[in-house]
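S.K.: Got a sequence here, can you build the structure:
(4 chains)
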2 protein chains.
Amino acid sequence: MGLDPGKEAQHAALDKIRKRVIETIGRNMDLYGISLSTGHLYGLLFFADKPMTLDEMGAEMKMSKTSMSTGVRTLLDLKMVNKVWEKGSRKDLYEVEYDWYQTFTDFFDIKWRKSVESNMMVLRKATDEINKMEKEYAEDPEMMEMLRKDKAKLQDAFAYYQWLDRLIDTFENGDIYKLVPKVPPREN
Amino acid sequence: MGLDPGKEAQHAALDKIRKRVIETIGRNMDLYGISLSTGHLYGLLFFADKPMTLDEMGAEMKMSKTSMSTGVRTLLDLKMVNKVWEKGSRKDLYEVEYDWYQTFTDFFDIKWRKSVESNMMVLRKATDEINKMEKEYAEDPEMMEMLRKDKAKLQDAFAYYQWLDRLIDTFENGDIYKLVPKVPPREN
DNA sequence: AAGAACGTACAGAAAAAACTGTACAAACCA
DNA sequence: TGGTTTGTACAGTTTTTTCTGTACGTTCTT
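M.R.: Presented below is the predicted three-dimensional model:
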């Protein structure tokens, strides 16, 4: 490192290009609920030509190893990064999941699915309770009207979540690629 | 208001049901990059039987009108809430967009599309610059190898974003419903 | 078995985001 | 036109999140 000044200059030019890509992609990763610096960490790993250790990341990001640890775990939870085993090194090594289609799918499977399930659960419960109340207040027209309206809203919402659930299914089972085929990356 | 104690008690029972739904749905709205309290605001509007003013929301949420203003704007930007015109009142009125399929689509059109575009832009630029560098460093095999690797990554990423772009197209033009049909909400 | 290296839990500091109250511009009313 | 009413910009405060350094348990090495 730092022996050949020519090599360093070349590195600098390439680094500048990488930095801009990392910056942009990292910034847009807030869609995945990821902080800016974790997004940058992801970008760093994306361009790394080999799996990296926490210490290497810390050096590169100029941040503490603790932060790298938590950042990597966030990415690991979303399966955006994989732990890699390499004989020799006893440090943990990480590399990005380069299959971005898979990353996209995993994100929905992990985050959206959980949300869909808990929402459907609460909607089901609420509908049940309203059904009970409808028996209880059968003689009160005003109340019945409110219950009817609320139940209709709950059922519409429930139908939507069923749809969303099946949409996520198509991500997982690959049916989505029948509708929207993957593009082969261009040659040149 | 507050005249008939029986009515109030009924209201309380229904309110409890609503609160739990609002709480759950609101919490899960962080997927849309929305804070918890804005999520609650959305839930409030979801159950409101008529369009609400900022003051009404503030009273209900026990929060300042300023917060309601910013919260509503967030929801408005995502088209989760619509401004409603009603003759007589000179206050602004808001109601939720009850077509959740539309809300889903709008979210991707607004947030993801923007992200996809900026990422594709930066990837295109970076690829161009690498192409230039490849001419410049044609005699340096080590450098060429790095450039080749980076370019391959950029192109893979680009292909993915093209796919994502077309996926969002299917949300917008409704083709997605050919693959995953909407469910009619159940009767009872 | 002793020592060193590694990753993370935890508490405190720093930074960012959410919330409030005041002030003011625009729209409306009389 | 003068006086209200309504929505929001802005500055300051509170709350939440992110980041760091230390401490410690675990694993590997010799």
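S.K.: that's a strand at A:Lys83, yeah?
M.R.: Yes. Under DSSP: H, G, I helix; E, B strand; the rest coil, A:Lys83 falls within a strand.
S.K.: Now for it: which residues touch it?
M.R.: Shown in contact with A:Lys83 (Cβ atoms under 8 Å, 6 or more residues apart in numbering or on different chains): A:76, A:92-94. From N, CA and C alone the C-beta is placed, and that goes for glycine too.
S.K.: Try it again at 10 Å.
M.R.: A:51, A:72, A:76, A:92-95 (Cβ atoms under 10 Å, 6 or more residues apart in numbering or on different chains).
S.K.: Repeat that for A:Glu117.
M.R.: With Cβ under 10 Å, 6+ apart, A:Glu117 has these contacts: A:161, A:165, B:28.
S.K.: Just the element for it, please.
M.R.: helix A:113-136 (DSSP states H and E).
S.K.: how about the helix or strand containing A:Phe104, does it reach chain B?
M.R.: Using DSSP H and E, A:Phe104 sits in helix A:100-107. Yes. For helix A:100-107 and chain B, the contact criterion (Cβ under 10 Å from any Cβ of the partner chain) is met by A:100-101, A:103-104, A:107.
S.K.: what stretches of chain A score poorly on pLDDT?
M.R.: A:1-10, A:186-188 (pLDDT under 70).
S.K.: all strands for it, in order.
M.R.: In chain A, the segments counted as strands under DSSP state E are A:81-84, A:93-96.
S.K.: C-alpha coordinates for the first one, PDB please?
M.R.: Provided in PDB are the C-alpha atoms of strand A:81-84 (Å, rounded to 0.1, in the frame of the first residue of the first chain):
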ATOM      1  CA  VAL A  81     -25.300  -9.200   3.200                       C
ATOM      2  CA  ASN A  82     -24.100 -12.700   3.800                       C
ATOM      3  CA  LYS A  83     -21.600 -14.100   6.300                       C
ATOM      4  CA  VAL A  84     -18.800 -15.800   4.500                       C
END
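S.K.: contacting residues around the residue nearest the centre of chain A?
M.R.: Centroid-nearest residue in chain A: A:Phe107, 3.7 Å away (criterion: Cα atoms, centre = their mean). By Cβ under 10 Å, 6+ apart, A:Phe107 lies in contact with A:31-33, A:78-80, A:113, A:171, B:31.
S.K.: ok, now A:Ala157?
M.R.: If a contact means Cβ under 10 Å, 6+ apart, then A:Ala157 has A:119-120, A:122-123, A:126-127, B:21, B:25, B:46, B:98, B:100, B:185 as its contacts.
S.K.: Return the members of those classed as buried.
M.R.: Buried subset of the contacts of A:Ala157 (neighbour count, 16 or more other Cβ atoms under 10 Å in any protein chain shown): A:119-120, A:122-123, A:126-127, B:21, B:25, B:46, B:100.
S.K.: nearest to DNA strand C, of these?
M.R.: Closest approach to DNA strand C among the buried ones among the contacts of A:Ala157 (Cβ to the nearest atom of the strand): B:Ile25, at 16.1 Å.
S.K.: where's that closest one relative to A:Tyr94, distance?
M.R.: Remark: distance between B:Ile25 and A:Tyr94 (Cβ to Cβ, to the nearest Å) = 35 Å.
S.K.: tell me which residues of the helix holding A:Glu117 are tucked away?
M.R.: Buried residues in helix A:113-136, counting neighbours by 16+ other Cβ under 10 Å, are found at A:113, A:115-116, A:119-120, A:122-123, A:126-127, A:129-130, A:133.
S.K.: Over to stretch A:63-70?
M.R.: Within stretch A:63-70, judged by 16+ other Cβ under 10 Å, the buried ones are A:67-68.
S.K.: Centre of the chain to it, how far?
M.R.: Relative to the chain's own centre, stretch A:63-70 is displaced by 20 Å; criterion: Cα atoms, centre = their mean, to the nearest Å.
S.K.: Kindly report the same for stretch A:44-56.
M.R.: 20 Å.
S.K.: That stretch vs DNA strand C: in contact?
M.R.: Yes. Remark: stretch A:44-56 sits within contact range of DNA strand C at A:53-55, by Cβ under 7 Å from any atom of the strand.
S.K.: and which of those is nearest A:Met146?
M.R.: Nearest to A:Met146 among the residues of stretch A:44-56 next to DNA strand C: A:Leu54, at 56.4 Å, using Cβ to Cβ.
S.K.: gap between the residue of chain A most remote from its centre and chain B?
M.R.: Relative to the centre of chain A, the most outlying C-alpha is that of A:Glu139, 49.7 Å out, by Cα atoms, centre = their mean. From A:Glu139 across to chain B, the span is 12 Å (Cβ to the nearest Cβ, to the nearest Å).
S.K.: Outline the domain layout of chain A.
M.R.: A:5-97, A:101-179 (automatic domain parsing).
S.K.: Give me the spatial nearest neighbour of A:Thr170, chain neighbours excluded.
M.R.: A:Ile176 (4.4 Å; Cβ to Cβ, 6 or more residues apart in numbering or on different chains).
S.K.: same question, A:Trp85
M.R.: Using Cβ to Cβ, 6+ apart, the nearest residue to A:Trp85 is A:Leu93, at 7.4 Å.
S.K.: For DNA strand D, see how far away that neighbour is.
M.R.: 13 Å (Cβ to the nearest atom of the strand, to the nearest Å).
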